[in-house]
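Undergrad: structure for this input, please:
(2 chains)
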Amino acid sequence: TQLLEQSPQFLSIQEGENLTVYCNSSSVFSSLQWYRQEPGEGPVLLVTVVTGGEVKKLKRLTFQFGDARKDSSLHITAAQPGDTGLYLCAGATGANSKLTFGKGITLSVRP
Amino acid sequence: KAGVTQTPRYLIKTRGQQVTLSCSPISGHRSVSWYQQTPGQGLQFLFEYFSETQRNKGNFPGRFSGRQFSNSRSEMNVSTLELGDSALYLCASSLGGAQETQYFGPGTRLLVL
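TA: Predicted coordinates:
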């Protein structure tokens, strides 16, 4: 069973602060996806990382895939209240496989 | 393009009853996956259907079943409901499979009393 552990589980910060959250596994993934879910809605894809060591930027969000493709991090610069939500990472092991999701990180950004 | 739609959005049932949830994927998407989301367990994969065939299955009891129609619409059925089945049930569609980008619907919130 491939497990994805996300940390921290909960995070409450002030607007303008920086933060980094993590997604770790003992398994190797062919790709890793990050989603954000807001209350009352389904998750929405933020980014997919495929290559070990890959770094992708989405405005103030920076995603990194570990060299060994077992872990990933998400860094948010100058967090804003609109960043509030549940951040989920999900890993795939190959074609015709399913995604394994972590339990998520609940982020609250206070104005 | 219209997004993934799920009906109903909310449902209250009692133990022992059965329930059917419906999902309409994004036009052109042939893969439909179902997930159960609870605060304790997070998002757990139930099953995936691709071109009317179940292609992947998670670790859920046989009370959970699904099907997909020729127009890619999918239904999920839960029989003999238990209190622990209370959850948000999410449907997601994708072009090629459950390992690709999942486009989620808003979910069906099921409460079992």
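Undergrad: in chain A, what residue comes closest to chain B?
TA: Residue of chain A nearest chain B, by Cβ to the nearest Cβ: residue A:42 (2.8 Å). C-beta: built from backbone N, CA, C; applies to glycine.
Undergrad: verify the contact between that residue and residue B:89 for me.
TA: No - counting by Cβ atoms under 8 Å, residue A:42 sits too far from residue B:89 to count as a contact (10.5 Å).
Undergrad: what is the burial count for the residue of chain A closest to chain B?
TA: When neighbours are counted by other Cβ atoms under 10 Å in any protein chain shown, residue A:42 registers 23.
Undergrad: so what's the closest residue to it other than its chain neighbours up against?
TA: Nearest non-adjacent residue to residue A:42, counting by Cβ to Cβ, 6 or more residues apart in numbering or on different chains: residue B:104, 2.8 Å away. Residues in contact with residue B:104 (Cβ atoms under 8 Å, 6 or more residues apart in numbering or on different chains) are A:41, A:42, A:43, A:44, B:4, B:90, B:91, B:92.
Undergrad: now residue A:65. Nearest residue, chain neighbours left out?
TA: Residue A:65 sits nearest to residue A:49 (Cβ to Cβ, 6+ apart), 3.7 Å away.
Undergrad: bridging residues for that neighbour?
TA: Residue A:49 has these beta-bridge partners by DSSP bridges: residue A:32.
Undergrad: pLDDT score for it?
TA: Looking at residue A:49, its pLDDT stands at 94.
Undergrad: what sits against it?
TA: By Cβ under 8 Å, 6+ apart, residue A:49 lies in contact with A:31, A:32, A:33, A:56, A:63, A:64, A:65, A:72.
Undergrad: enumerate the residues of chain B near chain A.
TA: Where chain B comes near chain A, counting by Cβ under 8 Å from any Cβ of the partner chain, the residues are B:4, B:33, B:35, B:41-45, B:48, B:55-56, B:58, B:90, B:92, B:97-107.
Undergrad: helices of the chain, start to end?
TA: No chain was given, so I picked chain A. Under the criterion DSSP state H, chain A contains no helices.
Undergrad: strands along that one, start to end?
TA: A:5-7, A:10-14, A:19-24, A:31-37, A:44-49, A:55-58, A:61-65, A:71-76, A:85-92, A:100-101, A:105-110 (DSSP state E).
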